[in-house]
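Output the structure for:
(one chain, ligands or ions: 2)
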Amino acid sequence: MEDNNEVTINLLLGKTQYGKSSLGNSLLGSYEFESRIFPQSVTEECRLRRMPIPDFARRMGRELGLRLQVLDTPGIPHSRLNQDEVKKRVRKALSEHFPEGLHMALLVLRADIPHCEEDNQHTVKLTEDLLGPDWKYFTAVVFTHAERLEDMRLTEEKFISSAPKSLCTLLENAHGRCIFRDQPHGTLHEERAVLLYQILHFIRQNSYQTLKAV
Ligand SMILES: Nc1nc2c(ncn2[C@@H]2O[C@H](COP(=O)(O)OP(=O)(O)O)[C@@H](O)[C@H]2O)c(=O)[nH]1
Ligand SMILES: [Mg+2]
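Ligands and ions are numbered 1, 2, ... in the order given. Below you'll find the predicted structure:
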């Protein structure tokens, strides 16, 4: 934990239309990133938003503030940018905005569509490419559209045990750090509290270390 009792998180990675920008808004508790259903990629530039959350918690009699930083990124594949261009933009944003490194990258996947071997291998390669070999210690998987689990009559545990091998390997690599996110209901602030609680738990488990981008 930094001296000023502040932690900084996150980078959002994942495919177009998987819900990265929408998740970023929930993390910030505010509609900061454009997020909508659309036949083309909506996000083209990396965007950083900062949000101070005063009095987030108390520790040893002291108020603990949180300075949240969320970096939204264009997805891969992208409808207008080639893969190298997206990587270039993400790398540039990482070095510009996180010179001290980042606490947690969120790899956004969807719970409502099948995960194919090739897709998952590609996701791992991309994450490793952008974050380096230590990505495994600093990445959590977020499954959006998890409200559909009910339609599949699956619990979160059953979903994971029914997942294809490559997805299980991906989750193992991420040391089992995984969050299921439902269609946002309730207020953004309520969702933020739930998400931050889980992410801060992962960050605490890492003793607040940061990953320096490669
Ligand atoms: N039902 C449902 N819709 C979601 C969820 N997450 C995101 N969406 C919707 O999916 C659409 C695309 O989201 P967006 O954040 O723009 O995706 P991005 O391309 O990854 O940034 C938006 O209409 C979101 O409201 C979720 O967990 N459940
Ligand atoms: Mg987006």
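
Poorly predicted segments of this structure, please.
1-9, 184, 214 (pLDDT under 70).

mind checking the longest strand of it?
As assigned by DSSP state E, the longest strand anywhere in the chain is strand 47-59.

in it, what counts as buried?
Of the residues in strand 47-59, those buried by neighbour count under the rule 16 or more other Cβ atoms under 10 Å are 47, 49, 53, 56. Backbone N, C-alpha and C define where each C-beta goes, glycine included.

how much space between the residue in the chain positioned nearest to ligand 1 and ligand 2?
The chain approaches ligand 1 most closely through residue 19 (2.9 Å), counting by Cβ to the nearest ligand atom. Distance of residue 19 to ligand 2, given as Cβ to the ion, to the nearest Å: 8 Å.

need the contact list for that residue.
Contacts for residue 19 (Cβ atoms under 8 Å, 6 or more residues apart in numbering) come out as 35, 108, 110, 144-145, 181.

Buried ones in stretch 12-29, by neighbour count?
Neighbour-count burial for stretch 12-29, counted by 16+ other Cβ under 10 Å, picks out 12-29.

ok, longest helix in the chain?
Criterion DSSP state H: the longest helix present in the chain is helix 188-205.

contacting residues for the residue minimising distance to the centre of the chain?
Closest residue to the average C-alpha location of the chain: residue 106 at 2.0 Å, with Cα atoms, centre = their mean. Counting by Cβ under 8 Å, 6+ apart, residue 106 makes contact with 10-13, 23, 139-142, 199.
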